[in-house]
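**Q** Dropping the sequence and predicted coords here.
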Amino acid sequence: MPGTSPSASITSWLDPVAIETALARESAPETAVVREILDKSLALEPLGPDEIVALLRVRKPEDMQLILGTADLVKQKVYGDRIVLTAPLHISNTCASECRYCASRKGNTAIQRKRLDQTELREAARKLIRQGHKRVVLVSGQSTSADVEYWAEAVEILHRLFDGMGEIRRVNLDLGVLTAEEYALLRRTEAGTVNIYQETYHEESYRNAHPGGPKSDFAGRLLGPDTALRAGMTDVGLGLALGLGPWEFDLLALAAHAAHLAREYGAGGRTVNLHRVRPAPGCDFQPPYAMNDEDFLRCVAITRLAIPYTGILLTTREPAGLWRAACNTGCSQLLTGSIANPYESWTDAPGEKAPFPIGEDCHLDEVVRFLLEEARHLPSFCTACPRLGRSGKEFISLVRGGNIKSQCGPNSMASFMEFLLNYATPYTRQLGEKVIAEKLEQLAEHERGAAERLLQKVRSGRMDEFI
């Protein structure tokens, strides 16, 4: 593994030697020590590297269950019992980078290149709206600076789009690292969270996976979130492509990155995306640090404990049993498409290459039904915080003050009732009405009153109700 990174002079928060030193610990902590660390997490205090490593070294099954259970308690304490649902919307796979694990890599001839025009963008978005989605993340390869105008136009089209009873209310961005001037253009569109996933903080592994193109710049990628925040974007999302590098190293570096952003800008990563590297068309890349299911759940749980305020985002591209289990170990958001994906009209021709082979195999109603029937979580399509300007420092202050949870419950119920009335199958609606009744009884009196008023408005035909 490498020593001090050549980028250390401009990213002093990332210290590979310190991470390796912390990870050198081999002994498992006593249960009493584990409980002390978990009590710190329950107090919503971020963990230091030695505390994170102590949790990584736990071997007793009972202590591991304690970690998983506490991660869920921390998530409940911060955000309540709800899972936010977002859909990916791939708008272009033209890319100048050669990421070895990605189907959009520049040299890949196994896929069709596609750049949605305005008509296709509206068509794709309407299909998501008709499933009940209110939140999307725009996904695109990064080619030239000219793409920024295309992306800005896409955000504005989505914000203006209305289909029957539905609309897109939150548009996040997964576009790669941009310049301050490019972010300024996107800022005028009221775009949401800017996702800049480092994928792996282990420099040798990063360079192995990203041999060419803009994304091959390890230091530039590290500095991306700083650039976005300094340019006026209010929220950034961090993330790991688990399997590219040693996951324990990456977890400690991720926590250090979030701490750096919190110190410098008053808010760390708004979200953290944890996804494992998966097979992609035209890519024979084998993850050098392939991650098993048990370690994945451990990673999700310890991320929640280490960075208690972040929204942990998982994808339903993971095996069904795994993403479902992760909903009870600290996950607060799910990225999910559906069988009725928004690209079906141009992927059905036999023998043709698919432009966006995302491989998601569960319908939104199916995801909602699981959350209701088995997990007893409240599905949420809420976008109240960004629409009220609760972002960046203001959002984090609300979270730290314990005030966001009291609004998450009522607002999530109202957004979910919209889904039940307009998009859910009859059985899912029946389940949803029952779970909402149960959740109402669990709310404090003032929260329950607010929720009941919102629900009454939605039942009477009002839309987009929140406090």
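**A** It's in. Residues are numbered from 1 along each chain as shown.
**Q** all strands in the stretch 1-150 of the chain, in order from the N-terminus.
**A** Counting by DSSP state E, counting those that start in this stretch, residue ranges of the strands within the stretch 1-150 of the chain are 82-92, 135-140.
**Q** Just the CA atoms from the first one would do, formatted as PDB, please.
**A** What follows is the C-alpha trace of strand 82-92 in PDB, where atoms were taken according to Å, rounded to 0.1, in the frame of the first residue of the first chain:
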ATOM      1  CA  ARG A  82     -38.600   6.300   7.200                       C
ATOM      2  CA  ILE A  83     -36.700   5.400   4.000                       C
ATOM      3  CA  VAL A  84     -36.500   8.000   1.300                       C
ATOM      4  CA  LEU A  85     -36.900   6.700  -2.300                       C
ATOM      5  CA  THR A  86     -35.100   8.200  -5.300                       C
ATOM      6  CA  ALA A  87     -34.900   7.100  -8.900                       C
ATOM      7  CA  PRO A  88     -31.800   7.200 -11.200                       C
ATOM      8  CA  LEU A  89     -32.400   9.000 -14.500                       C
ATOM      9  CA  HIS A  90     -29.500   8.200 -17.000                       C
ATOM     10  CA  ILE A  91     -29.400  11.000 -19.600                       C
ATOM     11  CA  SER A  92     -26.100  10.400 -21.400                       C
END
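**Q** So in this protein, where's the weakest helix or strand by average pLDDT?
**A** helix 392-400 (a mean of 74; mean pLDDT, DSSP states H and E).
**Q** of all the strands of the stretch 1-150 of the chain, which lies closest to residue 380?
**A** When the strands of the stretch 1-150 of the chain are compared for distance to residue 380 using C-beta to C-beta, the nearest one is strand 82-92, at 4.4 Å. Any C-beta I mention is one placed from the backbone N, CA and C, and that applies to glycine too.
**Q** between the closest one and strand 135-140, how big is the angle?
**A** 30 degrees (axes from the mean of the first three to the mean of the last three C-alpha atoms, to 10 degrees).
**Q** per-residue confidence averaged over strand 82-92?
**A** Mean pLDDT, computed over strand 82-92, is 93.
**Q** Packing partners of it?
**A** Identification of packing neighbours for strand 82-92 by 3 or more C-beta pairs under 8 Å, 6 or more residues apart in numbering; DSSP states H and E yields helix 118-131, strand 135-140, helix 147-160, strand 170-174, strand 333-335, helix 364-373, strand 378-380, helix 404-422.
**Q** Quickly compare these and say which is most buried.
**A** Highest mean neighbour count of the helices and strands packed on strand 82-92: strand 378-380, a mean of 27 (counted as mean count of other C-beta atoms under 10 Å).
**Q** C-terminal to that strand, which secondary structure element comes first?
**A** As assigned by DSSP states H and E, the chain's next helix or strand after strand 378-380 is helix 384-387.
**Q** Give me the buried positions along that following helix.
**A** 384-386 (16 or more other C-beta atoms under 10 Å).
**Q** hmm, back to that, which other helices and strands does the least confident helix or strand of the chain contact?
**A** Helices and strands touching helix 392-400, by 3+ C-beta pairs under 8 Å, 6+ apart, are helix 247-265.
**Q** before we move on, back to that, could the strands of the stretch 1-150 of the chain go into a markdown table alongside distance to residue 228?
**A** A markdown table is the format used below for these (distance: least, C-beta to C-beta, whole Å):
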| stretch | distance to residue 228 |
| --- | --- |
| strand 82-92 | 19 |
| strand 135-140 | 15 |
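**Q** thinking again about what came up before, buried residues, the least confident helix or strand of the chain. List them.
**A** 392, 395-396, 398-399.
**Q** Nearest to residue 65 among the buried residues of helix 384-387?
**A** residue 385 (32.5 Å).
**Q** and the closest residue to that closest one other than its chain neighbours, what does it touch?
**A** Using C-beta to C-beta, 6 or more residues apart in numbering and skipping residues adjacent in sequence, the residue nearest residue 385 is residue 395, 6.0 Å away. By C-beta atoms under 8 Å, 6 or more residues apart in numbering, the contact set of residue 395 is 235, 267, 270, 385, 404.
**Q** Residue 265 versus residue 395, what's the distance?
**A** Shown here: residue 395 relative to residue 265, a distance of 12 Å by C-beta to C-beta, to the nearest Å.
**Q** Also residue 246?
**A** Distance from residue 246 to residue 265, by C-beta to C-beta: 28 Å.
**Q** Repeat that for residue 399.
**A** Applying C-beta to C-beta to residue 399 and residue 265 gives a distance of 15 Å.
**Q** With residue 46 instead?
**A** If you go by C-beta to C-beta, the gap between residue 46 and residue 265 works out to 15 Å.
**Q** Residue 274 contacts residue 312, doesn't it?
**A** Yes: between residue 274 and residue 312 there is a contact under C-beta atoms under 8 Å: 6.5 Å.
**Q** Show me which of those two is the more surrounded one.
**A** Between residue 274 and residue 312, counting by other C-beta atoms under 10 Å, residue 274 is the more crowded of the two (27 against 23).
**Q** who's that one bridged to?
**A** Listed beta-bridge partners, residue 274: residue 240 (assigned using DSSP bridges).
**Q** Domains in this protein, by residue range?
**A** 19-74, 81-362, 398-459 (automatic domain parsing).
**Q** Now do the end-to-end distance for the longest one.
**A** Spelled out, it's domain 81-362. 22 Å (C-alpha to C-alpha, to the nearest Å).
**Q** go on, stretch 277-285?
**A** 9 Å.
**Q** chain center to that stretch, what's the gap?
**A** 21 Å (C-alpha atoms, centre = their mean, to the nearest Å).
**Q** what does stretch 185-199 give?
**A** Relative to the centre of its chain, stretch 185-199 is centred 13 Å away, using C-alpha atoms, centre = their mean.
**Q** now do stretch 239-249
**A** Distance, centroid of stretch 239-249 to centroid of chain: 15 Å (C-alpha atoms, centre = their mean).
**Q** what's the average pLDDT for that stretch?
**A** 98.
**Q** again with stretch 49-65
**A** pLDDT averaged over stretch 49-65 gives 97.
**Q** Could you do stretch 278-298 as well?
**A** Mean pLDDT, stretch 278-298: 95.
**Q** can you list the residues that contact it?
**A** The contact list for stretch 278-298, computed with C-beta under 8 Å, 6+ apart, reads 56, 64, 67-68, 100-103, 105, 108-111, 205, 208-209, 242-247, 274, 276-277, 299, 317-319, 322, 325-326, 329, 353-354, 357, 359.
**Q** Run through the stretch 251-400 of the chain and note the low-pLDDT ranges.
**A** In the predicted model of the stretch 251-400 of the chain, residues 338-341, 347-351, 359-361 satisfy pLDDT under 70.
**Q** now do the stretch 1-150 of the chain
**A** Using pLDDT under 70, the stretch 1-150 of the chain drops low at 1-10.
**Q** Please repeat the previous calculation with a cut-off of 80.
**A** 1-11, 143-146 (pLDDT under 80).
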